[in-house]
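Engineer: return a 3D structure for these sequence lines:
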Amino acid sequence: MLSCLLNSERKGELKVKELKFPSKKTIEKLTKELNLKGANEYTQDWECEVANINQLPDYIKYYISNELSLNEKSTLMRIILEAYNDYISLESQEDIYGKSIEEILNRDYYIHKDTVTYWSCEGEDLSECFTISAFMRKI
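Structural biologist: Sure, this is the predicted structure:
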């Protein structure tokens with residue numbers, strides 16, 4: 001099934017650049033569709049700059065409800081995880097998004113493997129990691 005999915009997207013090869021860096025087209029589409037603010041296509045770490053904790057439910061719904069390219073999925077997931085990390089950092093918040101995010105990551109793991117590894121901080125003491133690193137290690 002994986003090769004079928006990849007063939008339909010890139011006619012054979014999944015290019016690393018496709019997953020690691022948001023394309024100009026992806027930035028324009030997500031900015032418009034999700035009303036993202038705070039950065040432009042030339043901003044380093046664009047996904048971190050535009051992530052907004054208050055839009056987290058909108059990001060998740062958009063990911064689930066729309067046909068997205070590999071680049072759009074990988075870019076949007078990085079925005080989701082940035083916002084989710086901020087959300088979980090607010091200790092008074094009940095985790096109402098974790099299950100949905102976990103389901104997406106498990107379903108599309110082949111797309112998000114490197115992102116999961118990054119946020120997991122494998123081999124590092126959790127006290128030195130992201131707030132969501134323990135959560136990500138379970139994926």
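
Engineer: going forward, measure contacts between C-alpha atoms and count neighbours the same way
Structural biologist: Fine.

Engineer: what are the contacting residues of stretch 92-99?
Structural biologist: Contact with stretch 92-99 is made by 57, 84, 87-88, as judged by Cα atoms under 8 Å, 6 or more residues apart in numbering.

Engineer: kindly apply the preceding question to stretch 27-44 instead.
Structural biologist: Applying Cα under 8 Å, 6+ apart, the contact partners of stretch 27-44 are 24, 46, 49-51, 58-59, 72, 76.

Engineer: dead centre of the protein: give me the residue that sits there.
Structural biologist: M77 (1.3 Å; Cα atoms, centre = their mean).

Engineer: that older thread, hmm, which of the contacts of stretch 27-44 are the buried ones?
Structural biologist: For the contacts of stretch 27-44, a burial check counting by 16 or more other Cα atoms under 10 Å picks out 46, 49-51, 59, 72, 76.

Engineer: mind telling me what element K32 is part of?
Structural biologist: Element membership for K32, per DSSP states H and E: helix 24-34.

Engineer: how far does stretch 127-139 stretch from one end to the other?
Structural biologist: 19 Å (Cα to Cα, to the nearest Å).

Engineer: one more: stretch 45-57?
Structural biologist: Stretch 45-57 has its terminal residues 21 Å apart, counting by Cα to Cα.

Engineer: what does stretch 130-139 give?
Structural biologist: 15 Å.

Engineer: now it: mean pLDDT?
Structural biologist: For stretch 130-139, mean pLDDT rounds to 96.

Engineer: rewinding a little: helix or strand right after the helix holding K32?
Structural biologist: Trace forward from helix 24-34 with DSSP H and E and the next one is helix 46-50.

Engineer: mind listing what's buried in the helix or strand just after that next one?
Structural biologist: Sequence-wise, the next helix or strand downstream of helix 46-50 (DSSP H and E) is helix 56-65. When neighbours are counted by 16+ other Cα under 10 Å, the buried residues of helix 56-65 are found to be 56-57, 59-60, 62-63.
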